[in-house]
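**Student:** sharing a model that was predicted from the sequence below.
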Amino acid sequence: MRSVPRLPDLRFAEIRPLPPRLPAGASRPEARGSSEWVLGRCWLWCGNRCTWVLWLGSASTAGHYAQFYVCEPCLARLHHTIIDYAEAMRDAPTDATGFKVPLYIAPEDPPRPEPINYRRPGTRTRRPRTALGRLWHRLITGRERPSAPVA
């Protein structure tokens, strides 16, 4: 028997635990701000569990849009992925003209002038925190060549 998805249980609102990052004894804000923790389902990696979630903005695809909510563990993972991306771009190799090689290119972009100048071996970089960060790290250090676009 499959379980039916449930909406958050609001009957016991006064005895629920406080949302993440609020000190004990603090009351919930009365105004409905866009960055307030609310009970609901997370949209990211945790499997859509019902917990405290934070609104990150609107997401859209093919003419549809929805409000985008994430829980605290998924927010931390997203935060670390953004840090990994920023550090990968800071340490990105340069092309023959001295411009940094981007991690993402559009199909219509011209190929980068060769050679690609990678950082010197032995140069210390911070270890990536996420799986995607480790993939970017292999690209920016030259241990993995970018894949060819799929036709």
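**Tutor:** Cool, the structure landed.

**Student:** now the residue lying closest to Arg49 once chain neighbours are set aside. Its backbone dihedrals?
**Tutor:** Using Cβ to Cβ, 6 or more residues apart in numbering and skipping the chain neighbours, the partner closest in space to Arg49 is Cys42 (6.0 Å). No exception for glycine: its C-beta is placed from N, CA and C like everyone else's. Main-chain torsions, Cys42, degrees, to the nearest 10: phi -80, psi 150.

**Student:** wait, Cys42 sits on Thr51?
**Tutor:** Yes. Look at Cys42 against Thr51 with Cβ atoms under 8 Å: they come within range, at 6.5 Å.

**Student:** common neighbours of these two, please.
**Tutor:** Residues touching both Cys42 and Thr51 (Cβ atoms under 8 Å, 6 or more residues apart in numbering) are Cys71.

**Student:** where's the residue nearest to Arg49 relative to Leu132, distance?
**Tutor:** 18 Å (Cβ to Cβ, to the nearest Å).

**Student:** repeat for Asp91
**Tutor:** Here the distance between Asp91 and Leu132 works out to 15 Å (Cβ to Cβ).

**Student:** follow-up on the earlier one: neighbour count: Cys42 and Leu132, which is higher?
**Tutor:** Between Cys42 and Leu132, counting by other Cβ atoms under 10 Å, Cys42 is the more crowded of the two (21 against 15).

**Student:** list the contacts of that one.
**Tutor:** Cys42 neighbours (Cβ under 8 Å, 6+ apart): 48-49, 51, 53, 69-71, 74.

**Student:** out of those residues, who's nearest Ile140?
**Tutor:** Distance to Ile140 across these (Cβ to Cβ) is lowest for Cys74, with 25.4 Å.

**Student:** closest to Arg126 among the contacts of Cys42?
**Tutor:** Cys74 (22.0 Å).

**Student:** against which helices or strands is the host helix or strand of that closest one packed?
**Tutor:** Taking DSSP states H and E as the criterion, Cys74 maps to helix 72-90. Here helix 72-90 touches strand 50-61, helix 131-140, going by 3 or more Cβ pairs under 8 Å, 6 or more residues apart in numbering; DSSP states H and E.
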